[in-house]
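Student: Got a sequence here, can you build the structure:
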Amino acid sequence: MFQAILQFVTDFWVMVGALAAVFSTLIFAAAAVVAWFQLREAQGDREARDRPFVVIDFHPEPSSIINLRISNIGKTVARDVRFVVNPPFVTKQGDQRDLMKLGVFQTGIGSLAPGRVIEFLFDTWMKRDGLPSRHAVTITYKGEKQREYTEVLDLDLGVFQSMEFIRQYGLTDIYKEMERMTRTLDNFKAWGGGLLAVSPEDLEKRVEDGMRERGEELAEANPPPPDGSERR
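Tutor: Reported below is the predicted structural model:
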């Protein structure tokens, strides 16, 4: 009887140990699965953060000019960037200025570095009535390890109509102002050509010459009497 009880207790603890080992294995397996998912999520976050991101949009200026701006706002280089525009871009000049024949839309962009911006003239607001103002642009490009990305953007020029824009002065405006100042200085010339520059010595000499010439003019205007007597 005692041996049977002892055997039962022994078998019971052996079973408990086996169950504990099974549970430990399950816990370790679950922990491994959780760690794997966390690692995948961290990698996905890193790839989403450290990737190229190419966009294209209209960029109206305070004047009537409308530009197209292509930029990479991501953190890595975008390669083999290509665009599909539906409907195609149309300007008021028609076939005389077909934007879709530009190299950027024909063969794409080989590489676009992070922060790089390509901006060029699209059209002006004047006489654009009846032309398409909304375009769906599909952008395809590659990032690290030849991973492919696709962006579908809705470009709507109509959202900018009737808006007023604040003029922001840049390097171009500074250059134009310097050109205007240069032209003004060029018009301010001395008689012999060039800018008027007089040293203190030259100025004193010119004053003396002026006084002497003035004295000679007064002497000619008031000659002495023939008999040599003084005027009263």
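Student: where along this structure do the strands fall?
Tutor: 54-60, 65-72, 78-86, 109-112, 117-124, 134-142, 148-156 (DSSP state E).
Student: Would you format these as CSV with mean pLDDT included?
Tutor: CSV is the format used below for the strands of the chain (pLDDT from 0 to 100):
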stretch, mean pLDDT
strand 54-60, 94
strand 65-72, 94
strand 78-86, 96
strand 109-112, 96
strand 117-124, 94
strand 134-142, 96
strand 148-156, 95
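Student: Tell me which of those strands lies nearest to Arg97.
Tutor: strand 117-124 (8.5 Å; CB to CB). Quick note: C-beta positions are derived from backbone N, CA and C, even for glycine.
Student: any chance of the strands of the chain in CSV, plus distance to Leu99?
Tutor: Below are the strands of the chain laid out as CSV (distance: least, CB to CB, whole Å):
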stretch, distance to Leu99
strand 54-60, 12
strand 65-72, 8
strand 78-86, 9
strand 109-112, 15
strand 117-124, 7
strand 134-142, 11
strand 148-156, 13
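Student: got the contact list for the most centrally placed residue in the chain?
Tutor: Among the residues of the chain, the one closest to the centroid is Val117, at 5.0 Å (CA atoms, centre = their mean). By CB atoms under 8 Å, 6 or more residues apart in numbering, the residues touching Val117 are Arg69, Ile70, Ser71.
Student: Please name the bridge partners of it.
Tutor: Ser71 (DSSP bridges).
Student: tally of neighbours for Leu155?
Tutor: By the criterion of other CB atoms under 10 Å, Leu155 has 17 neighbours.
Student: Against Leu102, how distant is the nearest residue to it once chain neighbours are set aside?
Tutor: If the residues on either side of it in the chain are set aside, Leu155 comes closest to His135, at 4.6 Å by CB to CB, 6 or more residues apart in numbering. The gap separating His135 from Leu102 is 15 Å, by CB to CB, to the nearest Å.
Student: Looking at these two, which one has more neighbours?
Tutor: Shown here are His135 and Leu102; by other CB under 10 Å, His135 has more neighbours (18 against 13).
Student: What are the buried residues along stretch 87-98?
Tutor: Phe89, Val90, Thr91 (16 or more other CB atoms under 10 Å).
Student: Columns pLDDT and distance to Asp80 on top of these, output as a markdown table?
Tutor: Shown next, in a markdown table, are the buried residues of stretch 87-98 (pLDDT from 0 to 100; distance: CB to CB, whole Å):
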| residue | pLDDT | distance to Asp80 |
| --- | --- | --- |
| Phe89 | 94 | 21 |
| Val90 | 92 | 26 |
| Thr91 | 90 | 27 |
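Student: can you redo those residues as TSV with distance to Glu204?
Tutor: TSV is the format used below for the buried residues of stretch 87-98 (distance: CB to CB, whole Å):
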residue	distance to Glu204
Phe89	70
Val90	72
Thr91	66
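Student: domain assignment for the chain?
Tutor: The record's domain split for the chain, according to automatic domain parsing, is 1-49, 54-160, 170-221.
Student: which of those sits most buried?
Tutor: The highest mean neighbour count among those, using mean count of other CB atoms under 10 Å, belongs to domain 54-160: a mean of 14.
Student: ranges for the helices of this structure?
Tutor: Secondary structure of the chain (DSSP state H): helices at 2-49, 103-106, 171-187, 200-221.
Student: Mind listing the residues bridging to Ile56?
Tutor: Ile70.
Student: returning to what we had before: nearest to Leu39 among the buried residues of stretch 87-98?
Tutor: Among the buried residues of stretch 87-98, Phe89 lies closest to Leu39 (CB to CB), at 44.2 Å.
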